[in-house]
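> test case, fold it:
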Amino acid sequence: MAIRLDRLLSERGIASRSELRQIIRGGRVRVNGQIVTAPERHVDPEADEITLDGVPVLRERLRYFMMDKPEGVLSVTEDRRQQTVLDLLPPELRRLRLFPVGRLDRDTSGLLLLTNDGDFAHRVISPRSGVEKRYRAEVDGVPDETDVRAFAAGIVLADGTRCLPARLELGGGSVCFVTVMEGKYHQVKRMLASRGKPVLKLRRLSVGALELGEAPAPGRIRELDAEDLCKVLKGWSTVK
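Sure thing, here's the model as predicted:
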């Protein structure tokens, strides 16, 4: 289906429509090898070869974002009845086919990664990568040193699921911090519940060495740069 050149490039996240009009009029865009200076020119994204400064632009650009996920929002790409994290994105980002890297429960807040890079997502989620996820939990009860030792040994849940050794830090009173390297279903909540300390409030603070920050900012979204990505996965490169 034919579409305006400036609109197509805008939807692919290249730049804003106003910026693209200047770029196109400046002779930096070619369609099938020919310079095009009319932003309103109609092109076929399925058939036409489009380049900007000699670089193909229809090749999917890999993008990476972090969000301070609010409570009450689902970490899925689509739901007909409830609000999802993608519903919180501005229109220009919704076109990028982003998806959550792993999931945070509906009532859990904090750091959630979004990307269109499946390889990156798999690496972050896989326990083999050793990417730590750190949470702050408020529980019903007071965690103690016996809980710390149990987490370090590896919790076995009621259904027989064995969790990898994890780190539990005491925060004083009913507050504790949990660091895990895997993401089993409701894992942090189930681990604490198995110790008789059901979770009342849970917030993810970091993924790898990438930290959310101290001040809560529900719904905040920020694009990650190369330095951020290396904090998540040491030595990660977006160049494939």
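
> residue contacts, Leu88?
Met67, Pro70, Val73, Gly219, Ile221 (C-beta atoms under 8 Å, 6 or more residues apart in numbering). Bear in mind the C-beta positions are built from the backbone N, C-alpha and C, glycine included.

> tell me which two of those residues sit farthest apart.
Val73 and Ile221 (12.4 Å; C-beta to C-beta).

> between the two, who's got more neighbours?
Set side by side, Val73 and Ile221 show more neighbours around Val73, with 24 against 17, by other C-beta atoms under 10 Å.

> looking at it, that one is touching Gln83, isn't it?
Yes: counting by C-beta atoms under 8 Å, Val73 touches Gln83, with 5.3 Å between them.

> need the overlap of contacts for those two.
Taking C-beta under 8 Å, 6+ apart as the criterion, Val73 and Gln83 do not both touch any residue.

> quick one: the spatially most central residue of the chain and Met67, what's the gap?
Residue closest to the average C-alpha location in the chain (C-alpha atoms, centre = their mean): Leu113, at 1.4 Å. From Leu113 over to Met67 the distance is 8 Å, taken as C-beta to C-beta, to the nearest Å.

> hang on, the earlier thing: the residue nearest to the centre of the chain against Phe65, yeah?
Yes: using C-beta under 8 Å, Leu113 is in contact with Phe65, at 7.1 Å.

> mutual contacts of those two, please.
Counting by C-beta under 8 Å, 6+ apart, the shared contacts of Leu113 and Phe65 are Leu224.

> residue furthest from the geometric center of the protein?
Centroid-distance maximum for the chain: Gln34 at 38.1 Å, with C-alpha atoms, centre = their mean.

> so what's Asp140 up against?
Ser174, Lys197, Pro198, Val199, Leu200.

> much appreciated, bye for now.
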